[in-house]
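Novice: What follows is a protein structure lacking sequence information:
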Ligand SMILES: [Zn+2]
């Protein structure tokens, strides 16, 4: 056997009603001392140990038609006993697929979806080999009209090769590629558009009334703008947006030539919709975010991810750049491609700023620390998260904003964060060389120096302090040269308890109790259910109105259930904190400011 002999996989939705995929993995020349197989513990892009192996229900090995003993070595590694030389070894297992998210696998009689890391074992020692995967249809009763949407390449020329959007054999250059193309099968809506000379596709699963023409037209502008930002040609031959539509949901995961999205039905555009609704802007922002990752994290990668170690945590302090910068550009691309007007963009940006200001965790954790601890904190948030964690997405986006504004203002608009992204692309994206933990600072220094002599070292140092420190960013001052006024006020005239209520069924249940707030001082805790304020019933919907009749400094008695015990708390109300930020473009500003603003938000 040549060392290039491919690893052959099959995957079949054998029992949609029981949510079971059956997978086989066959190797022509297993290791003589016994072949090991391992399933990833996490999926790139979602930085949490997920232990996909817990969904494997049954597992067997066979060779030459006879069973082979399999020993489990750890939570996600199996070793098959040695087989006679020249005999192919197959591992056959069933995977329970009932996770309606973009991260694992989901199967029922209406559709199937899977991410490679949750279903395909890696053959230890042979992850560099080419792979084929035979994607098989479900049982006949279910299969009518099912198609396949994936950016895996059909194994043209092989027996059983898939035709476009069909079941059959697909291929990948290696295991890393095999698991980076999610697959959808079912009766999805399919649409096409072109951007930057590249064919793009959209596949929408779930009941919906999406105006796909509108969606494709907006995505085309957005994608073309991003391709132009980094410079044509795009790094993909084709691109696929895979969307699962549900009543309420939100999520996305980036891949090298596609993205898997989970979206709320109401966020899709509908026929006759005029200006984009808030929900549609949210959806477009999500598409834009995942598409930007095609460059920033799928190809420009932290050195810590080259290669990924899928068996355990991969630590990097750089997610503020890979997720934060991506979060900055996701909405920015909407305005710069002309999909939304500048005032809509400033409203979205104001929301991001407010969201960061609302969490006291920003004063305790830097975005570098938040990146490093993503595995145990950002991805595993509990009721104390707002007090302990800063989002490397949201604050990372504000770091990007502050950097962009300084680069533009310092160079009179000649340089910007776009130049930083392009240089990252040239140095790291095209070559595949990972970005060192201090690599972004050096690139920023280089770009800043080109814009303004002597500014490079200063801006690099500023960035280092911003990502390793916990001070609020000086956004008001940085926005001023762009003719944008930063207004910060209380979100409500009513005094505050310093809590966030859980959404839902009318009960006033505390989701979060903010550090240093009145509720915490009085002894209230997350999980408590408020039932009365000064003897009058409290509901989630009515609490704000009750508080609005009081003043900061007044004392009220709150009754609340903690578990099943009724408790009473004396709370001194405080003024609502000033954490609602509005950004306003001033109409009469200096021509220099006008020019800077046009360069930043114009298209
Ligand atoms: Zn992201």
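Specialist: That came through, no problem. Since the structure is predicted, the reported quantities are computational estimates derived from the model, not experimental observations. Numbering: from 1, shown residues only.

Novice: Now do the same contact list for the residue nearest to residue 99 when sequence neighbours are not counted.
Specialist: Of all residues not flanking residue 99 in the chain, residue 106 sits nearest, at 5.9 Å (C-beta to C-beta, 6 or more residues apart in numbering). Glycine gets a C-beta too; all of them are placed from N, C-alpha and C. Neighbour list for residue 106: 19, 97, 98, 99, 100, 112, 113, 114, 244 [criterion: C-beta atoms under 8 Å, 6 or more residues apart in numbering].

Novice: quick one: which of these sit in strands?
Specialist: The strands, defined by DSSP state E, take in 112, 113, 114, 244 from those.

Novice: Looking at those residues, which one is closest to residue 142?
Specialist: Nearest to residue 142, judged by C-beta to C-beta, of the ones in strands among the contacts of residue 106 is residue 112 at 9.4 Å.

Novice: Could you measure from the closest one over to residue 205?
Specialist: 10 Å (C-beta to C-beta, to the nearest Å).

Novice: thinking again about what came up before, flag the least confident of the contacts of residue 106.
Specialist: Least confident entry in these, by pLDDT: residue 100, with 94.

Novice: wait, doesn't that one sit right on residue 244?
Specialist: Yes: counting by C-beta atoms under 8 Å, residue 244 is a contact partner of residue 100 at 7.3 Å.

Novice: Which helix or strand lies directly C-terminal to the helix or strand where residue 368 lies?
Specialist: Residue 368 is part of helix 367-372, with elements assigned from DSSP states H and E. Proceeding C-terminally, helix 367-372 gives way to helix 385-388 as the next helix or strand, assigned by DSSP H and E.

Novice: Which strands or helices does the helix or strand that that next one is followed by pack on?
Specialist: Next helix or strand after helix 385-388 toward the C-terminus (DSSP H and E): helix 394-410. Under the contact criterion of 3 or more C-beta pairs under 8 Å, 6 or more residues apart in numbering; DSSP states H and E, helix 394-410 touches helix 325-336, helix 342-358, helix 367-372, helix 417-424, helix 439-451, helix 455-468, helix 475-479, helix 591-601.

Novice: Could you dump those into a markdown table and include distance to residue 319, mean neighbour count and mean pLDDT?
Specialist: Output for the helices and strands packed on helix 394-410, formatted as a markdown table (distance: least, C-beta to C-beta, whole Å; neighbours: other C-beta atoms under 10 Å; pLDDT from 0 to 100):
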| stretch | distance to residue 319 | mean neighbour count | mean pLDDT |
| --- | --- | --- | --- |
| helix 325-336 | 10 | 25 | 98 |
| helix 342-358 | 15 | 19 | 97 |
| helix 367-372 | 4 | 24 | 98 |
| helix 417-424 | 15 | 20 | 98 |
| helix 439-451 | 11 | 20 | 97 |
| helix 455-468 | 10 | 18 | 98 |
| helix 475-479 | 21 | 18 | 98 |
| helix 591-601 | 25 | 17 | 96 |
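
Novice: looking at those helices, which is closest to residue 303?
Specialist: helix 439-451 (7.6 Å).

Novice: and that closest one with helix 325-336, angle?
Specialist: Orientation check (axes from the mean of the first three to the mean of the last three C-alpha atoms, to 10 degrees): helix 439-451 against helix 325-336 gives 40 degrees.

Novice: For helix 439-451, what is the distance to the chain centroid?
Specialist: 27 Å (C-alpha atoms, centre = their mean, to the nearest Å).

Novice: Counting by contacts, list what that helix packs against.
Specialist: By 3+ C-beta pairs under 8 Å, 6+ apart, helix 439-451 packs against helix 394-410, helix 417-424, helix 455-468.

Novice: And the contacts of the second one?
Specialist: In other words, helix 417-424. Counting by C-beta under 8 Å, 6+ apart, 229-231, 295-296, 300, 325, 328-329, 400, 403-404, 407, 435, 440, 443-444, 446-447, 450 sit against helix 417-424.

Novice: wait, isn't residue 205 in contact with residue 185?
Specialist: No: if you go by C-beta under 8 Å, residue 205 and residue 185 don't touch, sitting 9.4 Å apart.

Novice: ok so, going back, can you list the helices and strands packed on helix 439-451 in CSV and add distance to residue 558?
Specialist: Formatted as CSV, these follow (distance: least, C-beta to C-beta, whole Å):
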stretch, distance to residue 558
helix 394-410, 31
helix 417-424, 47
helix 455-468, 39
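
Novice: These: which one's closest to residue 43?
Specialist: Comparing those by C-beta to C-beta, helix 394-410 comes nearest, at 20.7 Å.

Novice: Let me know the average pLDDT across that closest one.
Specialist: 98.

Novice: got it, and stretch 555-570?
Specialist: 98.

Novice: Stretch 186-205 spans what distance, first to last residue?
Specialist: 8 Å (C-alpha to C-alpha, to the nearest Å).
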